[in-house]
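Student: Fold the following for me, if possible:
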Amino acid sequence: MAHSSSHHSGRILTDREQAVLRAVVQRFIQTADPVGSRTLSKEFIQGLSAATIRNTMSDLEEWGYLDHPYTSAGRVPTDMGYRTYVDDLMDVVQIPASEALIIREEIAGAARDTERLLRETAKLLGKFTNLLAIALTPRLSKGILHRLDVVPLASDRAMFIISVEGGLVKTIVLEVASELNRFELDRVMVLLNERLSGLTLDEIRRTFAPRMRDLSASDPTGVVKLVMQKADVLFNELPEERRVQLSGTTHLMHQPEFREPDQIQRIMGLIEHEEVVVQLLERHATLAKDAQEQIRITIGRENKAEAVDSYSLITTNYKMNNAIGTISLIGPRRMDYARAVALIEYVSKLLGKI
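Tutor: As a prediction, this is how the structure comes out:
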């Protein structure tokens, strides 16, 4: 991270002002207690008297970087103070080798099952950050079909299994007109997979009818006609609730910011509305892509959605073959940004290698 200046208020901070702001933010992240000048003089900043630090903190408060929660208390960072810290003053940290090993092994162990993989991903991120961690599966419509299978379940029902490159699988049970003959079904499935494999689900959904019209007339099973009728259902997205893997709620509740019942109700309200979570994270990820940011961090009121305007949000995308998914961390403004960024970046790269 550059240690040059703050552009958030149009003001160029001196080295001393940067050092004091950095120390206030780091100390507040550690303790959640307002930070006094005497503490900084003793523990964080060598060579500056408490009086000098106090004066600098007063200036930073006047300019909007710091605030004090009540009279005679120490200072706490404002959203602008956090923003300056994240953009200009935060050090890049490495996650400990022991944690990296655990994450690597857990993710490798779950790699064959996408749902389990993303469940483990959210669990690991929640555990190692003490934040709410969310993993979204990639949008299925952008995924490339690996294979379509049909498994008869009864004389009038069959399960359609849509496997996408990268390991995503969608299953759906449909009614069939008559009992499926295994030999005839196998022959039809070979023809279907020859024509459909390698296309995205979105392409298949839009073009299945013209691609398969000739095959439909000669299909004794009726499967081609049924897929033609149900293409919008079969090759559409997974329901939002199946795209969300979420973990870390218990860790989050131990944070001092969540001692108040209304804060607990607020975060629980967000968690219970998975469709809101999906929209929120995908919008965040889109903004990151538009801004060409590998990792997007928004702090407090920078979040336009009321559901998260008391929290900070860190989001990045991961890539599974050509499909893009999203992982995210949500927590109090007072989160350890450097460590959270290091962890989410590391996990994103691991997912991209699977």
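
Student: so where is the protein shaky, pLDDT-wise?
Tutor: For the chain, residues meeting the criterion pLDDT under 70 lie at 1-9, 71-72, 321-322.

Student: I'd like to know how far Ser348 sits from Ala288.
Tutor: Relative to Ala288, Ser348 is positioned 12 Å away (C-beta to C-beta, to the nearest Å). Where you see a C-beta, it was placed from the backbone N, CA and C, and this is true even at glycine.

Student: scratch that, Arg242 is what I was asking about
Tutor: Taking C-beta to C-beta, one finds Arg242 at 24 Å from Ala288.

Student: between those two, which one's more packed in?
Tutor: Neighbour comparison, Arg242 and Ala288: the larger count goes to Ala288, with 19 against 13 (by other C-beta atoms under 10 Å).

Student: quick one: secondary structure of the more buried one?
Tutor: Following DSSP: H, G, I helix; E, B strand; the rest coil, Ala288 is assigned to helix.

Student: Quick check: it touching Leu313?
Tutor: No. Counting by C-beta atoms under 8 Å, Ala288 stays clear of Leu313, with 10.6 Å between them.

Student: number of nearby residues for Asp91?
Tutor: Asp91: 9 neighbours (other C-beta under 10 Å).

Student: Name the SS class of it, please.
Tutor: Assignment for Asp91 (three-state DSSP): coil.

Student: Find the nearest non-adjacent residue to it, please.
Tutor: Nearest residue to Asp91 in three dimensions, chain neighbours excluded: Ala338, at 5.9 Å (C-beta to C-beta, 6 or more residues apart in numbering).

Student: That neighbour: which element?
Tutor: Ala338 is part of helix 337-352, with elements assigned from DSSP states H and E.

Student: Show me what counts as buried in that helix.
Tutor: 337-348, 350-351 (16 or more other C-beta atoms under 10 Å).

Student: What of stretch 313-331?
Tutor: Buried, per 16+ other C-beta under 10 Å, within stretch 313-331: 313-321, 323-331.

Student: what about that stretch, distance to the chain center?
Tutor: The chain centre lies 4 Å from the centre of stretch 313-331; the measure is C-alpha atoms, centre = their mean, to the nearest Å.

Student: about what we covered before: who touches both of Ala288 and Leu313?
Tutor: Shared contacts of Ala288 and Leu313 (C-beta atoms under 8 Å, 6 or more residues apart in numbering): Arg296.
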